[in-house]
Each structure stands twice: as structure tokens, then as C-alpha cells.
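*Asks:* I would like to see how this sequence folds:
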Amino acid sequence: MKLPRIALSPTARKLIAAAVAVSGVFAVGGQLKGNVARDVEVRVSLREFADASRAVRSVDVTFLRGETPMRALRRNYAGAAPRELRERMSLPEGELQARVTVTLDRLVVERESNVRVAAGGAIEVPAPPLP
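*Replies:* Take a look at the predicted model:
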């Protein structure tokens, strides 16, 4: 069976092709929007640990979407840890879970919280409380 051919001018064909291309760009862009990486500053306050009797040995921050880890950072400290951890990272835009693990002398404390990543912003990730 042969389909009938519709006669279109070259201008009409170009307009249809452009409309299809633009629609494809919007469809793909909408799907990828949540995965666009943004450079943001991650901040974790360690002030509560500065006065503790146990020294901070390491801080781990893992960002997850659902159960999938997206990015992680680890800082080890041989001496005194800073009062605030500040780090620039590239993270996917949108809602993420942040898991912060602070390792002290013979003690590990952990906390999970939800954070929102937006372009140009800073993320305040809450540190776990001292037991």
C-alpha cells in the first residue's frame, strides 16, 4: 500500500523541520534538568565539636538522590579541625539527601538531612549532634 504524498513548499518543510527540532530540544532539556551540575559551596559547621573533649579526625559528606550516591567529599585532620568545613563542589540541581559522618577519637556520629541545590547558592548541611 502506497501512502499519498502531500505537496509542501520548501518553506513549509523548513518550518516543520524547525518545529520538530525545537520540540526535541525542549523534551530532552526537560528530562536532563534535574541532572545539570551546579557549582555550589557546601558548608558544615563544626563549632560544636571544637570544644568537645575528643578531637575531630575526619568529616565525610555524601550527597544522595534516593539510594544513589551522587558526590562525596572526605577531609582528614591530623591536628585541629576548622570550625567550619567549606568546600566548592559540583552537584546536580534539585533535592538531595546529605549524609554527614564525623569521626572523633573512638566515636563516630552521623546525620542525614534534605538539601536543595540551586545555581550560585550555598548549601548549609547540618552536622550531627554530639551524643
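*Asks:* I figured residue 119 hits residue 91, correct?
*Replies:* No. Using Cβ atoms under 8 Å, residue 119 makes no contact with residue 91, being 10.4 Å away. Using the backbone N, CA and C atoms, a C-beta is placed for each residue, glycine as well.
*Asks:* what do these two both touch?
*Replies:* Residues touching both residue 119 and residue 91 (Cβ atoms under 8 Å, 6 or more residues apart in numbering) are 38, 40.
*Asks:* and those two? Which one has more around it.
*Replies:* Counted by other Cβ atoms under 10 Å, residue 119 and residue 91 do not tie: residue 91 has more neighbours, with 21 against 10.
*Asks:* low pLDDT regions in this protein?
*Replies:* Along the chain, the parts satisfying pLDDT under 70 run over 1, 3, 12-13, 15, 17-35, 52.
*Asks:* which residue comes closest to the residue positioned nearest the centre of it once chain neighbours are left out?
*Replies:* Per Cα atoms, centre = their mean, the C-alpha nearest to the average position across the chain is that of residue 91, at 3.1 Å. Residue nearest to residue 91 in three dimensions, not counting chain neighbours: residue 117, with 4.8 Å by Cβ to Cβ, 6 or more residues apart in numbering.
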